[in-house]
Every structure is written in C-alpha cells, then in structure tokens.
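Peer 1: Show me how the following folds:
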Amino acid sequence: MPPKNVAKAAPAKVAVVADNRTLPSKEAALFKQVLQQYETKQWKKGLKTADTILKSRPDHGETLAMKGLFLASSDRKEEGYEFVKKGVRQDMGSHIVWHVYGLMHRADKNYEEALKCYSQANKIEKDSLNILGDLAILTIHLRHYSAYVDARMAILRAAPRLRRNWLGLAVAQHLDGQFAEADRTMTSYEEMLREVPDREYEHSEVLLYHASILEDAGEFEKCLDFLGDHASQIVDRQAYSVLRAHLLLKLGRKEPAEWAWQTLLEENPDNYNYIKAFVQAKDADVDSTTPEGKAAAVKVLDILTEDFPRSLAVRRLALDLVSGDEFRTKASKYLTDALSKGVPSIFADIKALYADHAKRAIIGELVESYRQSLEATETFGIPLSASSSEETVESSAAYLWTLYFLAQHHSALSAHSTALSLVDLAMAHTPSLPELSMLKARILKRAGDVDGALQAMTDARLLDGQDRFLNSKSAKYHLRADQVDEAEKIVGLFTKKDAPSPLQDLIDMQCLWFLQEEGQSFERQAKYALALKRYHQIFNIFTDIEEDQYDFHSYCLRKMTLRAYVNLLRYADNLRSHPRYMDAAKGAIEIYLQKHDDPSSVAPPPLTNGALEAAEEKKKQDKIEAAKAKKAADAAKEKDSKGKKAVVKKVDEDEVVPVIVDQDPNGDKLLATETPLDVALTFLRPLEKAAGGEVGTWVLSFEVAIRREKYLQALRALRSAHAIDPTSTALHPLIVRFKVLVSHLPEGTLSPTVQTTIDTGLVELLDGKSLDAFNAEVLQRGGAACVVAAAKGTLAAREGAQGEVEELLFQLLRDEANPTLADAVDALKVFRSIKSSKTDEFRKQASQRFPLAKAFRSPEEIAAGLAPRPTGNEGKEVIEES
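Peer 2: So this is what the prediction gives:
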C-alpha cells in the first residue's frame, strides 16, 4: 500500500482544484453569460465578460479556457491557445476545459488531438450530450467504428426518446460490421413508433436502410420478407423493386426474378444492370468467357431485342458476345442505324470492341464499304430486306458521319496521316461543324503535334465563341502547348467578373482539370515551384472535400437519409483514387524526389537584368492582386451585413471573417522545403490507401522508400506491384535496381532478419533467375515497352552496358516492334539520361517514324516551325487513349 501521507495528500489536492472551480454567485452568473455569448457568437462581449470574471478569479481554469476560445474566434489564435492551455493546467479535472481544448483542435482540423481531448472530457462528464455528440461525430469522421458504436450507445442511454439516437446507433453498428445488432436496433426503433403517417418519405427511407442492413448481412430471405411486410409504407418504388429483384435472384428464385426484372426493363430498357440481371435470371451470363455461355446469353439478348426493339443497350451487349459472321451482321445493323441518324458518339460507344483484332478489322471493313457505297450510290449498300434488292437513299449527313467515324478508326490505330486526310475531306464537305476541328485536334495531339492540335482546337472554338465546352477544350490545348497566360484569358470569359482573377475563381470552384493541366505545363517548363503550387492546391481541394463530410454526420441522421449517408462515407473512403489526385500526387512526388536527388536541378535559374525587372514587376502585380482580393472581400462583407436584418446583425456583429491572403502565391516556399521526402509522403500515404490497386502507386512508394533507406518498405512496394501485375514493364527495372542496391550495401547495414526477408523476397520477384536471365526474359515477351524495360534493367544491372542499351533501343524503331509514341519518347529519355553520343541519331530516326511529333524535332526545327512530312507508317496496330 502507498504511504499514508500520500493517500491523504491526493484528496486535498483534488479539493483545492474543485474549490478553485466553484465561483461565487455573481461570477457564476457571468460565466453562464460567457457560455451563451459563445453560442450566439458574440466574441467581443464574451471576451469582456470573461475578463470581468478573471479580475476576481485570475486562475479560474474554465474561464481562462473560454477566453482562449473567444480569442481564437477573433482571429487571435496563438494567444487563444495560450489561454486554453493555461486553463487546462489550472483545472485538469474540468470537462469544460478539455471540451474547449478539443474545439480548438477541431477548428484547426487536428482531429486526432481533438478526439483525445473529447475522450478526456467524456471520462470526467460521462452523461454530457454535448460532449458525447462531438465525440461521436469525430469518431465516425476518423472511421473509428468501434469507438463510434460506444459513443452512440452512450448517447442513446442518455436520451432514448430521440429517434435519431436509435438510428445513429444502428448506423454505427452497421458500419462496424455488427449486422445482427444493427438489425435488432432497427427493429426496436420500428416497434417503438406510433401512428406513422401513410407513405411518409422519412420512414420509407428508414425501412429501405433496414433492408440494406439485412442484405449486407446476407439475410436475403429475411430481407425479402421484410420488404413484403412493409411494401405499402415504402415510397421509393424503384428502389423497392430493384432491391426485391436482386434478392429474388440471389435466392435462386429464377421465375419470379425474371418477372421482376422484366417489369423494370419495361420502365427502362437501356439500363445495362437490368439487362445483365434479366439474363442471369434466364440461367445465362453476359460475362461468360466460354463459347457455350456466350451463345446462351446471346439467345436471351435476342429475345430482349424483339421485346424492346428500340433498346440500344441490348444490341450493344450482344456485340461483346458474338463473333465472325454473326458479329458482322449485328455490327452492320448497329453502325448503319447510328450513322444514318448522325450519332457523333458511335465510335466512343464501340471502341471497347477494338481490343479484339478480328472485330476491329470487321468494323473497319464495314465502315469503309459504307463510305465507298455512299460516294457511288448515296446508300450503305445494304438491301431493305432479304427479298428485295432496293436500298435506302441516305442524306448527305450520313456520308459526313461515316467520314467522321473512319477518321477516329484510323486514329485509334495510330494511322494519323490517313485519319487527317479523312478529316480534311469531311471539313471540305461541312466546314462549319466544330466536331471536325475538334477531332483534327485530337488526332494531332495523339500524333505528338501539340502546336497543330492547338491551332485546330482554336479553329473549333472560333466556330462558336459562346460555347463553354469549346472554350474549355481550347484552354486545355493551350495549356498542353504551354501557353498558360492565354489559357487563363480564355477561361476568364466564363469566370466571375468580380473574382480577383480567373485562376482564383477556378480554385474556389475546385476546377481540377485546369489546375492539373496547368501544373503539368509548369513542370514541363521546369517552373517547379509553380507546378508544386498547383499540385498542392489539388491536394487541398481533396482535403476540403473530405472535411466537408463533417457536417453531414449529424445532418443525415436528422433528415434520415441513411442510405445516401452510408454511400457518402464509402465514396469518401476512396476519394483519393480519383485520377486527378493520382496525377497531381505523381507530379508532386516526382518533383520532390528530383529535389532530394539534386536540389540544383529544380532551383530557378539566375535572373538576368531583363528577367529581374520582369520578376519585380510580377511581385508588384501580385501585391496589387492581393489588395484587390482584400478589397473585394471587404466589399462583399459590407454588402452582406447591410442586407441582413437588425436582429441577425446584432448577433453576428462580433464575428471576424479574416481575409485570407496567399503568402506563397508562386510556390517558392513549397519548393524550398528542407524535407522533400517528408512532403512527398503526405501525397503518397493517401494514394497507397485509396489507389493501392494501381501499379503506379507502388512505383512511387518504392522510389520514396529507397531514398529514405527503408528497404523493407521498398520490398513491400515491389511485392504489392508484382501482385497486381507481374508482367508490368514499369516494375521490371525497379526489381533489378533493388537487387543491385541491396547487394552493394556495406556489411552490417541490414540486420540478419531483414537481410533474410529481402533475399527471400527477391528470389520470388526474380523467379529464381539471375539478373541477365531476368532481363532476357522480359525482352523475349516482345513489344516496344518490353524493349525499353529491358534497356533500363540492363543499365541498372551492369556498368559499361551503354553500347548494348543503345543497340536495344534502336531495335525499338523497327516495324516489328510496333512502338507507340510514348515508347519512343521513353527511349529518347534513356538516351539522354546516359548522355549517349547517338542521341541525335535516334531522335532523327524516331522523327521519321513519328513525323508529326514535336518531341523528336530539334530546337532549330521547332524555332523554324519545320516538321517532316507524314510518311504513313506511324505504327498501325496500336490503339491509343484519347
């Protein structure tokens, strides 16, 4: 047992703290005013009232904490934190000081620290609904599901009469995987209700949410019975019908499931999910890979085609399953209907079929025959019926859209010169159609001619200067041509006129595509600070989107939109898998890696006299823009305050809205960081969590781990990428690099356990082969990308292999290698990285292979605006993305 004097001393200390917490009646009344003034946002009055209390009780912890909260709300955050911390030190046994400390951390979005403070406050005051409410919201925001269940259970016990508390507990149990408990909670809630109005929407949503819990639990029979019992109370009939049809299918009740899906198809015969489910109900599968399975699915689709002859989705699904002459017949009908009606998106619709070489060839033959027949007879050359030789005469528009389709067809095969000639023919037919100029721009972009693509897109924009879409596409192509100022002027035509600048309005509107394209443009121009600025702005936008869900944790429970709420949480969990975030993260991480490897390579060049003057002028303009922003914010605030009612003004008159001025508009501070790898990790960690299924994510993870000398993390990254795609050409050189690196580490660098783990992992990754055999294997796979990967692997494996690598890369330009433009550009980067004397020779040969590509022109050719004429052999069997 502890000494007696210690046991006696502890209660005395607690008594002193409790005595300090108790205020005389006058100060206690003032403290109640302080709490009310905080709730009504009367910061200045609250500050004065708190000071009045502190004059007589300067060490009162709760008042000190409240004063700090008022100061922080009045844009005096640092001073506010000092008072709050002092308040905590003065009275650590008060739930108010910990709650206030948590509010401060939450306002700064430091959620983990806020959670600790709320938890401490809850330990002291277990039944406070305010504390429990804040604690619950924070636990779900941080996805601490078990703690969320505990908080919701405590809230329900404290206030069991509130309906949303029952629903909150059910949602918590559902998210934590406690399906049986969630079912019981929802059942208790429903039994507790009395006199529910018929067809009340909120109750209908609750019932559908209960059904979704049963479905997630795998209780399909129970869920079906539940829907039947409450069918008359469910307002959303479509959701009811879809869920019921899914349940019948999962239970194997094919006949009622077929009837249910048939009913849904009558409402929407172009819904792909309905069609696939109906086919399953007929004991077939549109995703089957066997000939028998495909044939069975086609029979069902043929029945649906007769029942719903106007459904394009049914006919499109059939094209995925049939082949040979049957494919030719169905594809011909599908294509001629679309071309006759002038459907511009028909190529985008069937492009997925191009993965099958035979189908791709048939489509090309069909459309080319349509073109020839239209030129000769103004028909598609297809009889109206089997018993008649008469053909339908098409309008001139059918010929135009046939040319449009053929141009896209040849562009997808990288036959860019043929595609351009077809576009020119279509433009001669109808010069006023913007889609043709846009297609020409897209073809030139794929061919690598960014300047020509820009000119074509500008021509499209000028055909309809009021069209927002055309202007946006033109701005994107200006950015790809590194004409940033002109791009901002174009988008400025559609931004708010009272915004500080078009760019600032785009940032406020979270226009991701523009920020990404501008960041990539700055990166190409070696303006790394500005590129980082754009990438960080994209990072911040995604952070804002994640934090915007905070208010919905309580809102959705009040409105009872529980299904939408759960979907929101699941969407937010995968938010950073968005392509825009992935591209921004990749760009930022690569710049930070470059800074770590060679800081001088990312440093801005020294300014000459003229450039120095321009920089000074830019600083002046930045100051002017900042002043304008402050003035606009002040004017908006004044206008807003004048428009409010007097009562509202009295309540909000002390609220301070600080004008946010960007202290680093050009990203110089971001680039100047002394810890580039730590900043790179802030981009990488969310990417690993949300986009762990992408090889590119683990390539970046490997590069960061290697530089941080975290060799087990590097091995984990390689294994993760290998599990996704063992044949990835991006992965091959990394495995070789890692093997060489760890084999040359000084003895004793790695512990025996780590060394054994890495050796075992490398044996698996290399499949037991030597580095030379591993490189030879990837080369034997064939394909230009494999040639480049083998060249990089050879460079990493052996010193003095430059001649062998050069020979390998020259093989890439042979016809049988069939390289894409990206492959050739990647090979040119390898030549430049090894400072090869044959770089210019490779560039010239690549320029002959890709005559429109700007990447293979010399600086003199670019300055003179010269480009070789197309030769027509631009890699004809390669499908490129748009």
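Peer 1: Put the alpha carbons of the strand or helix carrying residue 256 into CSV.
Peer 2: For residue 256, the enclosing helix or strand under DSSP states H and E is helix 254-267. Extracted C-alpha coordinates of helix 254-267, given in CSV (Å, rounded to 0.1, in the frame of the first residue of the first chain):
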residue,chain,number,x,y,z
LYS,A,254,-35.4,-17.5,-61.2
GLU,A,255,-39.1,-17.4,-62.4
PRO,A,256,-40.2,-14.5,-60.1
ALA,A,257,-36.8,-12.8,-60.6
GLU,A,258,-37.3,-12.9,-64.3
TRP,A,259,-40.7,-11.3,-64.0
ALA,A,260,-39.4,-8.7,-61.6
TRP,A,261,-36.5,-7.7,-64.0
GLN,A,262,-38.9,-7.8,-67.0
THR,A,263,-41.1,-5.2,-65.2
LEU,A,264,-38.1,-3.0,-64.5
LEU,A,265,-36.9,-3.3,-68.2
GLU,A,266,-40.3,-2.1,-69.3
GLU,A,267,-39.6,1.1,-67.4
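Peer 1: Can you list the buried residues in that helix?
Peer 2: 257-258, 260-261, 264-265 (16 or more other Cβ atoms under 10 Å). All C-beta atoms are positioned from the backbone trio N, CA, C, and that covers glycine.
Peer 1: could you give the mean pLDDT of that helix?
Peer 2: Per-residue pLDDT over helix 254-267 has a mean of 96.
Peer 1: now do stretch 739-752
Peer 2: What stretch 739-752 shows for mean pLDDT is 91.
Peer 1: Please apply the same query to stretch 603-616.
Peer 2: 62.
Peer 1: helices and strands around the helix holding residue 256, which ones?
Peer 2: helix 237-250, helix 272-281 (3 or more Cβ pairs under 8 Å, 6 or more residues apart in numbering; DSSP states H and E).
Peer 1: Next one: residue 449 from residue 414, what distance?
Peer 2: 13 Å (Cβ to Cβ, to the nearest Å).
Peer 1: Residues touching stretch 134-153, excluding its own?
Peer 2: Under the criterion Cβ atoms under 8 Å, 6 or more residues apart in numbering, residues 99, 102-103, 106, 111-112, 114-115, 118-119, 121-122, 132, 155, 165, 168-169, 171-173, 175-178, 549-550, 553-554, 569, 573 lie in contact with stretch 134-153.
Peer 1: Please apply the same query to stretch 791-805.
Peer 2: 732-733, 735-737, 740, 771-772, 774-775, 778, 808-809, 827, 830, 834, 836.
Peer 1: Show me how far that stretch is from its chain's centre.
Peer 2: Distance of stretch 791-805 from the chain centroid (Cα atoms, centre = their mean, to the nearest Å) equals 37 Å.
Peer 1: Alpha carbons of it, in PDB - could you do that?
Peer 2: In PDB, the C-alpha atoms belonging to stretch 791-805 read as follows (Å, rounded to 0.1, in the frame of the first residue of the first chain):
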ATOM      1  CA  ALA A 791      17.200  -1.500 -71.600                       C
ATOM      2  CA  LYS A 792      16.600   0.200 -68.200                       C
ATOM      3  CA  GLY A 793      17.200  -3.100 -66.400                       C
ATOM      4  CA  THR A 794      20.400  -3.700 -68.300                       C
ATOM      5  CA  LEU A 795      21.700  -0.200 -67.300                       C
ATOM      6  CA  ALA A 796      20.800  -0.900 -63.600                       C
ATOM      7  CA  ALA A 797      22.400  -4.400 -63.700                       C
ATOM      8  CA  ARG A 798      25.700  -3.800 -65.200                       C
ATOM      9  CA  GLU A 799      28.100  -0.900 -65.600                       C
ATOM     10  CA  GLY A 800      29.500  -0.200 -69.000                       C
ATOM     11  CA  ALA A 801      26.500  -1.600 -70.800                       C
ATOM     12  CA  GLN A 802      25.800   1.600 -72.700                       C
ATOM     13  CA  GLY A 803      26.600   0.100 -76.100                       C
ATOM     14  CA  GLU A 804      24.300  -2.800 -75.500                       C
ATOM     15  CA  VAL A 805      21.500  -0.500 -74.400                       C
END
